[in-house]
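J.: Show me how the following folds:
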Amino acid sequence: MLILNIFVLPMSRLLLILVFLFSYFHVGASHIVGGEIYYDHLGNNDYRVTVKLYRDCLSDGAEFDQNLPITVFNGSDVQIDNFTIPFPGSQLLPVNFSNPCVTAPSDICVEEAIYQQVVTLPASSNGYTLSYQRCCRGPNVTNLANPEDTGLTLTVEIPATNVVASNSSPRFNNFPPLLLCANTELDFDHSATDPDGDVLEYELCDPYQGGTNFAPAPNPASPPPYQEVIWGTGASATNPFVNGTITIDPNTGQLLAEPEASGLYAVGVCVKEYRNGVLIGTSTRDFLFRVFNCEIELEAELTQQEELGTFVSYCQGLTIDFENESWGGTNYSWDFGVDGITTDVSSEFEPSYTYPGPGTYEVMMIVNPGWPCTDTSVGTFIVNNEIEAEFEVPPIQCVIGNSYDFVGEGTFPAVGSTFEWEFGDANPSTSTDQSPTGISFLSPGEHDVTFKVYFDQCATTTTETVEVAGPPQINFGILDEVRCAPYTAELVNLSTASTPIYSFWDLGDGTTSTETHPVNVYDVGVYDITLTIWTEQGCIDTLTMTRPALIEVFPSPTAGFSVTPPEANEYEANFYFMDESIDAVESWYNFGDYQTSPLDTVWHFYDEPGVYHPWQIVYNEYGCSDRAQAQITVTPVLPIIVPNAFTPNGDEYNNVFQPVLYEDQVIELYIYNRWGELIYSANEMNASWDGTANGQLVPDGAYIWRIVYTDFKTEMPIEVQGHVMVLK
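T.: Sure thing, here's the model as predicted:
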């Protein structure tokens, strides 16, 4: 039945509160705030029917039904009876909200009426449905689409006798608190009791509508099936708060709810009744949560053991560093729950305590003990002596015929501890011995081995990697390329093994090496290479491989050419190139001026003065090559040209005194007047003079110039001088 006893939580949960509002008995105004219907089978067709209704004392609506109507339908949903139950009187219920740290609303008043009557139901071979309907819920229900025109139906099913010979319906055990604080968790026992011991299963479900504004008190009630309520935006049976959370344990009926906003929220909870695995009935509870914003002055919140920042397991020693999430308090009183002593206390905010021995202890913390506004938080803490598991990794063995032994070690009681090993790809793959032997791994490579130790409620584990060696494999090679004398060979050892490999090379030319990847220089010839490897751990073996004629070295040609003449001026810069290479079948020239030629003997003309480094590359029939280089010089006929006059008069012509060299370079330019005074100088790329001194044009006349430039051939400074006429 829909009465809920208060499930007392720590005041830190602030007892929140859950109000049944089963809809509204609507005759001009709402007044019914909860209810439940259930039955007891007394034998034959006799049943005791109980309806519990809860009324808002402050409502201006109608009083309780003087004769509460119950309509009876058979299993085919056809009405077969209708009876009434006289009003039995009512009593006020206590608000049961005594948290001194929260000021509760003063407009909460609920009275209870319990209607009960023994009736004899007409014969029905397919069971019964008992129904009671009223409208309406009122406009203040937050999560329904049209609450002022939405009533409710209280209904219960009686299964047919061919399903069960006799049955009494389940009834809920507890009546919830009348108020619920927003943003505070409610942990409520919403379980029911079944007189027949049937298996019960709980879920959040949709409440039923019943009655309308035009027919607020149907008599008889409408037949099943009944229409479910229409939820408002975002709301549903499993999300009635829209903003907030609610869950119910399907096996225990434990309800956890935490709404985030104030309001009046319709909620449905169904309890299903099973006998021998067969569903024989479903009872629906339709109620409202009344949520308000609590002004809380303080809260006690003891951090539970598994949420501690230092928590690893229940077996990490006898000392616990407690954490305190309380707020609003000044003084604290801790009792660490050790029976038989009074010294297991502390007044610190976050104390540390060492327990006298392993065990389970109930810890209590009081915020502001003895004050008018106080709060308490409790928690269960489990302590055990610290246990550890460890083992030493055995030395590597070969996969062929391996047999590993393991020794389980660590810190744990010698008596009462149990063990579990996991070896993965091995035979056997598991063991419960502390120190198993003869473990044979089936494949080479790295294997994770896990050792677990259990004692009482404690467990610890460690995992190490065990390596199993595979048989060594021998192989080697060399880069595939043309090999010309002298050839530097870089041999690559491609051998593999799970343990270190030792190598010995016979390099085929009388030399040997113990390097992993040796380097050797070969002359013309054909060479057999032999590699021997061996291992001293894991799969111990010695392997030898010879690769005949792995290296064949071919002779190289000799490049060479002559150039005639070695030097010429720029007007006669035609040079004769003659091939003088040895054992070449192909040659090619690069003349150093971006020009090339494939001819053995050729004339080449250079267009510019300078020093050139032509080179030749030649190839033989094996593809081997060689290169030779020479140097020639093309000298300029006039290394520098200096004007003898210029006219700095601002017209389009001849405004600057500009020496011209065979190549661009930085030059030093000095200008003197007729008395030998320096009037201008410059040291820059392609220096020039514009005919001014100190910003003014100089007078017409003769001026002395001196120029220092770099000779292209000797790269030595050259100094020249002369006269220039300034004419305007």
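
J.: was I right about I641 contacting Q658?
T.: No - here I641 does not reach Q658: they are 9.6 Å apart, not a contact under Cβ atoms under 8 Å. C-betas here are computed from N, CA, C, even on glycine.

J.: Looking at the two, which is more packed in?
T.: Per other Cβ atoms under 10 Å, whichever of I641 and Q658 has more neighbours is Q658, with 16 against 10.

J.: so how far is Y265 from the residue nearest to that one when sequence neighbours are not counted?
T.: In space, and not counting its chain neighbours, Q658 is closest to S688: 4.3 Å by Cβ to Cβ, 6 or more residues apart in numbering. Note on S688: its distance to Y265, by Cβ to Cβ, to the nearest Å, is 96 Å.

J.: And for E663?
T.: E663 is 96 Å from Y265, by Cβ to Cβ.

J.: Check D321 too.
T.: 40 Å.

J.: Looking at the two, which has the bigger crowd around it?
T.: Ranked by neighbour count (other Cβ under 10 Å), D321 and Y265 place Y265 first, with 27 against 12.

J.: Chain neighbours aside, what residue packs nearest to that one?
T.: In space, Y265 is closest to F289, 4.5 Å off (Cβ to Cβ, 6+ apart).

J.: Ok, R627 next?
T.: I617 (4.8 Å).

J.: got a pLDDT number for the one you found?
T.: pLDDT for I617: 97.

J.: Enumerate the beta-bridge partners assigned to it.
T.: W588, R627 (DSSP bridges).

J.: Counting neighbours, what do you get for it?
T.: Neighbours around I617, by other Cβ under 10 Å: 18.

J.: which residues sit in contact with it?
T.: By Cβ atoms under 8 Å, 6 or more residues apart in numbering, I617 lies in contact with A559, S587, W588, N590, S625, D626, R627.

J.: got a winner among those for most neighbours?
T.: S587 (23 neighbours).

J.: Could you find the closest non-adjacent residue to that residue?
T.: V618 (4.4 Å).

J.: so the one you found sits right up against E580, yeah?
T.: No - proximity of V618 to E580 does not meet the contact threshold set by Cβ under 8 Å, at 10.3 Å.

J.: if we can go back for a sec, distance of the residue nearest to R627 from E586?
T.: 9 Å.

J.: and P216, helix, strand or coil?
T.: Secondary structure state of P216, per DSSP: H, G, I helix; E, B strand; the rest coil, is coil.

J.: just checking, it touches C135?
T.: Yes - the criterion here is Cβ under 8 Å, and P216 meets it with C135 at 4.2 Å.

J.: Those two: which has the busier surroundings?
T.: C135 (28 against 21).

J.: how close does the more buried one sit to Q209?
T.: To Q209, C135 is 8 Å away according to Cβ to Cβ.

J.: shared neighbours, these two?
T.: T150, G151, L152.

J.: rewinding a little: look at V618 and E580 and report which has more neighbours.
T.: V618 (25 against 13).

J.: Just checking, which helix or strand of this protein averages the lowest pLDDT?
T.: strand 180-181 (a mean of 83; mean pLDDT, DSSP states H and E).

J.: which element follows it toward the C-terminus?
T.: Once the chain leaves strand 180-181, the next helix or strand it forms, by DSSP states H and E, is strand 186-189.

J.: Which positions in that following strand come out as buried?
T.: For strand 186-189, the neighbour count (16 or more other Cβ atoms under 10 Å) marks L186, F188, D189 as buried.

J.: out of those residues, who's nearest T161?
T.: For those, the closest approach to T161 (Cβ to Cβ) belongs to D189, at 33.2 Å.

J.: about what we covered before: pairing partners for the least confident helix or strand of the chain, with directions?
T.: With DSSP bridges as the test, strand 180-181 is paired with strand 278-292 (parallel).

J.: Quick check: buried residues in the partner strand?
T.: 280-292.

J.: do the same with stretch 680-690
T.: Y680, A687, W689.

J.: Now do that stretch: everything it contacts.
T.: By Cβ under 8 Å, 6+ apart, stretch 680-690 touches 648, 655-659, 661, 664-671, 692-693, 705.

J.: 10 Å - rerun?
T.: 646, 648, 655-661, 664-673, 679, 691-694, 697-698, 703, 705-709, 724, 726 (Cβ atoms under 10 Å, 6 or more residues apart in numbering).

J.: Kindly check the end-to-end length of it for me.
T.: One end of stretch 680-690 sits 10 Å from the other (Cα to Cα, to the nearest Å).

J.: how distant is that stretch from the center of its chain?
T.: Distance, stretch centre to chain centre, for stretch 680-690: 70 Å (Cα atoms, centre = their mean, to the nearest Å).

J.: Distance from the chain centre to the helix or strand containing Y115, please.
T.: Per DSSP H and E, Y115 falls inside strand 110-120. Centre-to-centre, strand 110-120 and its host chain are 58 Å apart (Cα atoms, centre = their mean).

J.: Which strands border it, and is each parallel or antiparallel?
T.: strand 46-56 (antiparallel), strand 91-93 (antiparallel).

J.: follow-up on the earlier one: make TSV out of the buried residues of strand 186-189 and add pLDDT and distance to V164.
T.: As requested, the buried residues of strand 186-189 are exported to TSV (pLDDT from 0 to 100; distance: Cβ to Cβ, whole Å):
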residue	pLDDT	distance to V164
L186	85	35
F188	90	30
D189	93	27
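
J.: Which one of those residues is nearest to P170?
T.: Distances from P170 to these, taken by Cβ to Cβ, are shortest for D189, at 14.2 Å.

J.: Can you name the residues bridging to that closest one?
T.: D189 forms beta bridges with Q254, as assigned by DSSP bridges.

J.: wait, it sits on N174?
T.: Yes - counting by Cβ atoms under 10 Å, D189 touches N174, with 5.3 Å between them.

J.: number of nearby residues for N574?
T.: If we define neighbours as other Cβ under 10 Å, then N574 has 11 of them.

J.: just I632 next, same as before
T.: 22.

J.: Return the distance of stretch 517-533 from the chain's centre.
T.: Remark: stretch 517-533 is offset 53 Å from the chain centroid, using Cα atoms, centre = their mean.

J.: Can I get that stretch in CSV, CA atoms only?
T.: Only the C-alpha atoms of stretch 517-533 are listed here, as CSV (Å, rounded to 0.1, in the frame of the first residue of the first chain):
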residue,chain,number,x,y,z
HIS,A,517,77.8,-5.1,-39.2
PRO,A,518,81.5,-5.1,-40.5
VAL,A,519,82.9,-2.7,-43.1
ASN,A,520,85.7,-3.9,-45.5
VAL,A,521,87.5,-2.4,-48.5
TYR,A,522,87.9,-4.8,-51.5
ASP,A,523,90.1,-4.7,-54.7
VAL,A,524,89.1,-6.2,-58.0
GLY,A,525,88.0,-9.8,-57.6
VAL,A,526,85.2,-12.2,-56.5
TYR,A,527,84.7,-13.0,-52.7
ASP,A,528,82.8,-15.6,-50.7
ILE,A,529,81.5,-14.3,-47.4
THR,A,530,80.8,-16.6,-44.4
LEU,A,531,79.0,-15.7,-41.2
THR,A,532,78.9,-17.8,-38.0
ILE,A,533,76.6,-16.8,-35.1
